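S.K.: Need a 3D model of the sequence below.
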Amino acid sequence: MYAAAITVRNASDAAARYAVLYTGTNALTKAQIQAVADSALTPMITITNNNVTVTVDTNVTVNGTGYATSVKVEYDMPLIIPWVVPGKGVGDTRAITATTIMR
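M.R.: The predicted structure follows:
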C-alpha cells in the first residue's frame, strides 16, 4: 500500500509539472496531461477496469492568483489480504488519492 501511495503521488506530481511547462499557445490538452499521469503509474500499477481516475483542472486559483493546474490521481487498489485494512475483505478496494497543484 505504501508503494502504491508513493506511485500515485509521483504520477500526480509528474503530470502537474508537465502541464505547467507547456502553457499559453503550447498548452496541453487534459487528455495529454492524463496520459502523462497514466504513464507514470504503469511501472508499478496495472490500470484495468477503470481503477484509476485522473482529474485535471487547468484554471485553479491559489492565494488569489489564477492560472494554476491541479492534477488529482485516484487509484482503487485491490486488497488481497483482508486484515490489512479493518472492515475490508478479499476483493474489496482501498482508495489511494493524491492531488498536486502547480503554477
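
S.K.: Please compute how far stretch 73-86 lies from its chain's middle.
M.R.: Between the centre of stretch 73-86 and the centre of its host chain there is 17 Å, according to Cα atoms, centre = their mean, to the nearest Å.

S.K.: What average pLDDT does that stretch get?
M.R.: The pLDDT scores in stretch 73-86 average 82.

S.K.: swap in stretch 12-32?
M.R.: For stretch 12-32, the per-residue pLDDT values average out at 88.

S.K.: Can you mark which positions in that stretch are buried?
M.R.: Residues of stretch 12-32 classed as buried under the neighbour-count rule (16 or more other Cβ atoms under 10 Å) are 12-16, 18-20, 28. C-beta coordinates here come from the backbone N, C-alpha and C atoms, glycine included.

S.K.: Secondary structure added to these, as TSV?
M.R.: Output for the buried residues of stretch 12-32, formatted as TSV (DSSP: H, G, I helix; E, B strand; the rest coil):
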residue	secondary structure
12	helix
13	helix
14	helix
15	helix
16	helix
18	helix
19	helix
20	helix
28	coil
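
S.K.: out of those, who's nearest residue 51?
M.R.: Residue 51 lies nearest to residue 12 out of the buried residues of stretch 12-32, by Cβ to Cβ, at 15.8 Å.

S.K.: tell me the SS of the residue nearest the centre of the chain?
M.R.: Closest to where the C-alpha atoms of the chain average out (Cα atoms, centre = their mean) is residue 73, at 1.9 Å. Classification of residue 73 using three-state DSSP returns strand.

S.K.: wait, doesn't it sit right on residue 8?
M.R.: Yes - with contact defined as Cβ atoms under 8 Å, residue 73 reaches residue 8; the gap is 5.1 Å.
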